[in-house]
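>>> okay, predicted coordinates and the sequence, questions at the end:
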Amino acid sequence: ENEKAIDIGSLRTQTGYVSLDPAFVNTASTKSAITFLDGEKGILRYRGIPIEVLGEKSTFVETSYLLIYGKLPNRVELSKFSTLLTRHSLIHEDMKRFFDGYPSTAHPMAILSAMVLSLSSFYPEAIDVNNHEQIDITIARLLSKVRTIAAFSYKKSIGQPFAYPQNSLSYCGNFLNMMFSVPAEPYEIDEDIVKVLNLLLILHADHEQNCSTSTVRLVGSARTNLFASIAAGICALWGPLHGGANQEVVEMLEAIHADGGDVQKFVKLAKDKTSNFRLMGFGHRVYKNYDPRARLISSAAEKILTKLGINDPLLEIAKRLEEAALKDPYFVDRRLYPNVDFYSGIIYRAIGFPSNMFTVLFALGRLPGWIAHWKEMMEDPSTKIGRPRQIYTGEVERAYTPLDERA
Ligand code: ACO
């Protein structure tokens with residue numbers, strides 16, 4: 001009976017049928033009250049509030065609070081939370097030396113993941129996940145220090161001295177200053193850039209059970225501390241089919257530009273299954289309609305480039321590529337639309353971020369979502385260790401052949 005069942009991808013066990021669902025296409029791994037996503041209608045809400053409203057009215061710090069603590073903070077709560085983030089922005093001086101060990105060409109995602117994991121060695125009190133009094137500090141440390149680590153890894157890669165966080169600056173202003181100020185020439189913070197960076201981080205802040213968030217939950221389900229669980233999430237995010245796509249998109253647009261700008265040629269290539277080429281920044285497991293984040297980001301890209309007086313040929317190529325793909329039956333039939341990664345890199349470029357920092361920016365934005373999911377899971381007394389089943393297809397039993405007798 002089970003042999004037949006295995007053929008159709010299911011297995012009867014003492015606890016019921018195990019069904020095969022590679023890539024979790026139709027399997028919910030958890031219940032969650034954090035983010036509502038309707039991929040058919042293109043709706044995304046954090047704790048019930050539409051991202052369009054948050055993008056217009058909120059800041060990344062406030063949205064982080066909303067996701068992590070389940071409600072918008074009042075004035076006192078917001079000020080307390082912001083103060084915590086300001087207070088925990090420095091990294092331990094000994095950690096600074098880690099940067100010397102990396103080659104200047106190191107991908108900043110590799111550094112970020114290793115450094116976030118290392119935070120658990122500097123703050124070992126976070127290892128005990130039952131230490132509830134510690135959790136708010138651990139959360140603040142993460143949200144604040146990831147920004148510093150990201151900026152320091154960039155400075156190291158270009159051989160400039162680190163710019164320390166400054167308590168008088170806002171969350172995003174501080175990050176921009178650490179990234180772009182040099183001792184000889186202080187960085188002038190442009191409030192429009194701060195606003196668009198806040199918007200981008202808000203739009204990346206959570207997306208329910210995506211690959212990296214599911215990774216954070218699975219690792220955390222073993223009662224693994226927050227730093228280590230998030231380091232695992234950062235690794236998952238790095239993949240080009242997930243957060244790594246934002247870097248790939250800009251590299252693809254640059255390749256199209258260098259090739260003369262014929263977008264139809266690349267649309268054709270993406271349809272050819274033997275080419276191994278996909279339109280990066282297109283398609284989504286859940287959205288079968290326009291990704292609402294991509295809509296907001298594309299209009300923000302137009303605005304900020306105009307304001308900064310930047311005429312980036314990649315924006316025009318991206319728009320033509322989108323238009324060509326959305327008219328093509330291949331993309332129409334498969335309901336493939338631009339996703340969050342399609343236009344974001346164009347804004348990051350305009351601000352001055354190099355393309356290998358794009359996925360780091362995604363990680364910075366996704367932090368509150370990862371933290372919220374880890375916390376939600378830890379606070380649920382019914383949480384059990386995640387442990388997917390498999391359908392075994394190998395030989396049932398084999399004899400051990402001594403080495404001399406093997407062919
Ligand atoms: N270009 C060309 N064809 C595509 C693309 C694309 N970008 N995306 C999907 N398809 C095709 C597939 O080849 C498949 O065609 P088929 O039915 O003829 O076999 C069909 O559309 C369905 O695609 P799947 O790969 O089965 O969809 P899945 O849900 O597994 O993958 C994913 C989703 C990974 C996002 C995919 O669309 C993709 O690779 N996109 C490009 C990478 C990207 O932009 N990733 C970022 C996603 S958003 C995020 O994670 C933040």
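Perfect, I can see it now.
>>> tell me how many other residues surround the residue of the chain found nearest the ligand.
The ligand sits closest to residue 283 of the chain, with a gap of 2.3 Å, by CB to the nearest ligand atom. Placement of C-beta: from N, CA and C, glycine included. If you count neighbours by other CB atoms under 10 Å, residue 283 ends up with 21.
>>> next: residue 84.
Residue 84, neighbours per other CB under 10 Å, totals 17.
>>> C-alpha coordinates for the longest helix along the chain, CSV please?
Under DSSP state H, the helix in the chain containing the largest number of residues is helix 135-158. In CSV, the C-alpha atoms belonging to helix 135-158 read as follows (Å, rounded to 0.1, in the frame of the first residue of the first chain):
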residue,chain,number,x,y,z
ILE,A,135,14.8,40.2,24.5
ASP,A,136,14.1,43.9,24.0
ILE,A,137,17.8,44.7,24.3
THR,A,138,18.7,41.9,21.9
ILE,A,139,16.1,43.2,19.4
ALA,A,140,17.5,46.8,19.7
ARG,A,141,21.1,45.6,19.3
LEU,A,142,20.2,43.8,16.2
LEU,A,143,18.2,46.5,14.5
SER,A,144,20.8,49.1,15.4
LYS,A,145,24.1,47.2,14.9
VAL,A,146,23.3,45.6,11.6
ARG,A,147,23.3,49.2,10.2
THR,A,148,26.7,49.8,11.6
ILE,A,149,28.1,46.5,10.4
ALA,A,150,26.8,47.1,6.9
ALA,A,151,28.3,50.6,6.7
PHE,A,152,31.7,49.4,8.2
SER,A,153,31.9,46.5,5.7
TYR,A,154,31.4,49.0,2.9
LYS,A,155,34.1,51.4,4.3
LYS,A,156,36.5,48.5,4.7
SER,A,157,35.9,47.4,1.0
ILE,A,158,36.8,50.9,-0.3
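>>> pull the CA atoms of stretch 34-51 into CSV?
In CSV, the C-alpha atoms belonging to stretch 34-51 read as follows (Å, rounded to 0.1, in the frame of the first residue of the first chain):
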residue,chain,number,x,y,z
ILE,A,34,2.0,39.6,11.6
THR,A,35,1.5,40.1,7.8
PHE,A,36,-1.6,39.8,5.6
LEU,A,37,-0.7,39.0,2.0
ASP,A,38,-3.3,38.5,-0.8
GLY,A,39,-1.2,37.6,-3.9
GLU,A,40,-4.3,37.4,-6.2
LYS,A,41,-5.4,40.9,-5.4
GLY,A,42,-1.9,42.4,-4.8
ILE,A,43,-2.6,43.4,-1.2
LEU,A,44,0.1,43.6,1.6
ARG,A,45,-0.7,44.8,5.1
TYR,A,46,1.5,44.8,8.3
ARG,A,47,-0.6,44.1,11.4
GLY,A,48,-3.6,45.1,9.3
ILE,A,49,-2.2,48.4,8.0
PRO,A,50,-1.7,48.7,4.2
ILE,A,51,1.9,49.2,3.2
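>>> any idea how far that stretch is from the chain center?
On the basis of CA atoms, centre = their mean, to the nearest Å, the separation between the geometric centre of stretch 34-51 and that of its chain is 17 Å.
>>> ok, the residue of the chain closest to the ligand touching residue 334?
Yes - shown here, residue 283 and residue 334 form a contact pair, counting by CB atoms under 8 Å, at 7.4 Å.
>>> next one: stretch 296-310 to chain centre, how far?
22 Å.
>>> list the buried residues of that stretch.
296, 297, 298, 300, 301, 304, 305, 308 (16 or more other CB atoms under 10 Å).
>>> any part of it near the ligand?
No - if you take CB under 6 Å from any ligand atom as the test, stretch 296-310 misses the ligand, and the best it gets is 11.8 Å.
>>> what does that stretch contact?
51-52, 55, 192-193, 196, 199-200, 203, 311-312, 315, 318-319, 338, 340, 342-344, 346-347, 350-351 (CB atoms under 8 Å, 6 or more residues apart in numbering).
>>> which ones, among the residues you listed, also lie beside the ligand?
residue 340.
>>> narrow the contacts of stretch 296-310 to those in helices?
51-52, 55, 192-193, 196, 199-200, 203, 315, 318-319, 342-344, 346-347, 350-351.
>>> which of those residues count as buried?
Of those, these count as buried by 16+ other CB under 10 Å: 51-52, 55, 193, 196, 199-200, 203, 315, 318-319, 342-344, 346-347, 350-351.
>>> quick check: residues of this structure near the ligand?
So the chain meets the ligand at 210, 241-243, 245, 270, 278-285, 334, 336, 339-341 (CB under 6 Å from any ligand atom).
>>> kindly give a single PyMOL line that selects the buried subset of those.
In PyMOL syntax, the buried subset of these is picked out as below (16+ other CB under 10 Å):
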select buried, resi 210+242+243+245+270+278+279+280+281+282+283+284+336+339+340+341
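>>> quick one: low-confidence ranges for the chain?
When residues are selected by pLDDT under 70, those of the chain lie in 1-9.
>>> all strands for it, in order.
Assigned by DSSP state E, the strands in the chain fall at 10-13, 16-19, 35-38, 43-46, 49-50.
>>> please enumerate residues in contact with the fourth one?
Which is strand 43-46. Against strand 43-46 from outside (CB under 8 Å, 6+ apart): 34-38, 50-51, 54, 63, 66-67, 205-207, 292-293.
>>> buried residues, stretch 372-386. List them.
So, applying 16+ other CB under 10 Å, buried residues of stretch 372-386: 372, 373, 374, 375, 376, 377, 378.
>>> how about the contacts made by the closest residue to residue 108 other than its chain neighbours?
Nearest in space to residue 108, with sequence neighbours left out and distances taken as CB to CB, 6 or more residues apart in numbering, is residue 153 at 4.5 Å. Contacts here follow CB under 8 Å, 6+ apart; on that basis residue 153 touches 99, 102, 106, 108, 111, 112, 115, 360.
>>> and the fourth one, what is it in contact with?
Spelled out, that is residue 108. 150, 153, 154, 157, 356, 357, 360.
>>> most neighbours among these, which one?
Highest count within these by other CB under 10 Å belongs to residue 360, 29 neighbours.
>>> and the spatially closest residue to residue 109 that is not a sequence neighbour, how many residues sit next to it?
Nearest residue to residue 109, sequence neighbours excluded (CB to CB, 6+ apart): residue 238, at 4.4 Å. Other residues within reach of residue 238, judged by other CB under 10 Å, total 21.
>>> what about the closest residue to residue 206 other than its chain neighbours, how many residues nearby?
Spatial nearest neighbour of residue 206, excluding adjacent residues (CB to CB, 6+ apart): residue 369 at 3.0 Å. Around residue 369 there are 26 other residues, counting by other CB under 10 Å.
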